[in-house]
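**Student:** Attaching a predicted model along with its sequence, questions to come.
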Amino acid sequence: MTTERKVLAGASGPVVPAGPGAGTAPLDRSALMHTYAEPSVTFVRGRGSTLYDSAGKEYLDFLSGLAVTSLGHSHPVVAAAIADQAHTLAHVSNLFGNVVGPEVAATLDRLIGGGVERAGGQVFFANSGAEANECAIKLARRWAGPGRYAVVSTWDAFHGRTLASLAATGQIEKQQPFLPLPEGFDHVPFDDLEAMDSACDPARVAAVLVEPIMGEAGVVVPSSDYLVGLRQLCSERNILLMVDEVQTGLGRTGRWFGFQHLGVEPDVVTMAKALGNGMPVGACWARAEVAAAFVPGDHGSTFGGQPLAMSAAKATLAVMESEDVPARAGAAGARLQAGLEAMPGVASVRGEGLLLAAVLTDEFAVPACREALEAGLVINAPRPDVLRFAPSLLVTGAEIDEALATLGPLLARLGPGGARAARNQVADHGERPR
């Protein structure tokens, strides 16, 4: 990777040249719980789409912290907002109000309405996507009343790792060590309206929880009539349609939210990741008549909606709107997709906007990720045959071309045969807790 990249999207001025970071000696990680595989790289700073490790090596980031830093690292507007708020007021608890949260909630409501007018909903702020989904699950049960408590989600979905969001997650291997999980969660195959129809008993089911694109399943896009059919089914049976936009929301797919591609109107929308551009913040939006099911004391979060996180979210949303990130994601995604489709070993490319997956002809995605990292390109493999790309929504055409120029020769060199041997030596680099 070049060390000459000077002008980066979202950065006001040149990048500080790469140099020694925190040193090259291995860090003592023995005080940390072993919930993650040992990292092969420790990053110490970043700017725009560029990361630097502890040895000063430069990387092109096409993962964005799992679709989190959607304006790039250390965006000057967001950084300034966080610094100003830290010098003003960081936290007071939800026993009292702050001036930032209501403005962010109103902006999210407007964006859910398509960015033109308010959608007529209300927002609860949390700290993560899992917590946003916990809020949605509790709200569904409160809204539906006694006896109607079940939530139907899909196999291979990922909704978080807290006990309730894990119960909604359709991945048995993640659930098995923590059984028994909370009851009231059913799963059906993704993109199967008949299965959903059979599962949605209106006497028992409160809500359907679905991703518009399944990110951790390998960026799986459903049929064009799937969400439309779910909306009709839920409306007919007085069941809430809850859309998990934690990975797809806020411009990444080429619309502000993934469900907007089809004109569907959900009852509940959850989001996180991109909302704070690196600050931990999540949100659960619901139509006002659904949100009204909650009364004071039903739900809460000590840190949810605190001024520091809200200032980051306010600045992030302002930049997103000024840059028209949905349009940018659509154009940049088309360029990236075309380049990926022309690469050796790529059977197909799926996704929308700047959430893309290259499906490989053989299962060598994990070794490809390792070699890409060694070459200075950050991507990941949610499945053995899938490479996932989620760069900054402000990524430049030159950066896309640079990523493609790095990856193409690597895939050609790696090939199916060499990959099989390498695959057995590489740990899974899938999704981290939300």
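**Tutor:** All right, it came through fine. Numbers count the residues shown, from 1 in each chain.
**Student:** show me the contacts for E265.
**Tutor:** 231, 259 (C-beta atoms under 8 Å, 6 or more residues apart in numbering). Where C-beta positions appear, they are placed from N, C-alpha and C, glycine not excepted.
**Student:** Secondary structure of it: a strand, I assume?
**Tutor:** No: going by DSSP: H, G, I helix; E, B strand; the rest coil, the assignment for E265 is coil, not a strand.
**Student:** residues contacting A86?
**Tutor:** Going by C-beta under 8 Å, 6+ apart, A86 touches L308.
**Student:** if I look at it, how far off is L308?
**Tutor:** 6 Å (C-beta to C-beta, to the nearest Å).
**Student:** again, but for L51
**Tutor:** For L51, the distance to L308 - C-beta to C-beta - is 24 Å.
**Student:** for S54, same thing?
**Tutor:** 27 Å.
**Student:** now do V123
**Tutor:** For V123, the distance to L308 (C-beta to C-beta) stands at 17 Å.
**Student:** in a strand, that's where A132 is, yeah?
**Tutor:** No: A132 is assigned helix when assessed by three-state DSSP, not a strand.
**Student:** Hmm, P326 and G353 touching each other?
**Tutor:** Yes: with contacts counted by C-beta atoms under 8 Å, G353 reaches P326, the gap being 7.4 Å.
**Student:** Tell me the residues that contact both of the two, please.
**Tutor:** Shared contacts of G353 and P326, counting by C-beta under 8 Å, 6+ apart, come down to 251, 253-255.
**Student:** Dump those residues into a markdown table; add secondary structure and distance to Q337 as well.
**Tutor:** Output for those, formatted as a markdown table (DSSP: H, G, I helix; E, B strand; the rest coil; distance: C-beta to C-beta, whole Å):
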| residue | secondary structure | distance to Q337 |
| --- | --- | --- |
| G251 | coil | 17 |
| T253 | coil | 12 |
| G254 | coil | 11 |
| R255 | coil | 16 |
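**Student:** And those, which is closest to W143?
**Tutor:** Nearest to W143 out of these is R255 (C-beta to C-beta; 26.6 Å).
**Student:** which ones are touching the closest one?
**Tutor:** Contacts of R255 (C-beta under 8 Å, 6+ apart): 261, 326, 353.
**Student:** Show residues contacting stretch 369-378.
**Tutor:** Stretch 369-378 is contacted from outside by 1, 40-41, 51, 57-63, 379-381, 387, 403, 406-407, 410, 414, 422, 426, 429, using C-beta under 8 Å, 6+ apart.
**Student:** What distance do you get for the residue nearest the centre of the chain to T42?
**Tutor:** Closest residue to the average C-alpha location of the chain: Q247 at 2.3 Å, with C-alpha atoms, centre = their mean. Distance from Q247 to T42, counting by C-beta to C-beta: 25 Å.
**Student:** sorry, back to before: between G353 and P326, which one's more packed in?
**Tutor:** A direct count of neighbours by other C-beta atoms under 10 Å for G353 and P326 places G353 higher, at 28 against 24.
**Student:** where's that one relative to E131, distance?
**Tutor:** With C-beta to C-beta as the criterion, G353 and E131 are 25 Å apart.
**Student:** With L193 instead?
**Tutor:** If you go by C-beta to C-beta, the gap between L193 and E131 works out to 30 Å.
**Student:** Counting neighbours, go ahead and name the busier of those two.
**Tutor:** Per other C-beta under 10 Å, whichever of L193 and E131 has more neighbours is E131, with 26 against 17.
**Student:** I'd guessed the more buried one sits against R161; true?
**Tutor:** No: using C-beta under 8 Å, E131 is not in contact with R161; the gap is 10.8 Å.
**Student:** Regarding the chain, what is its longest helix?
**Tutor:** If you go by DSSP state H, the chain has its longest helix at helix 397-423.
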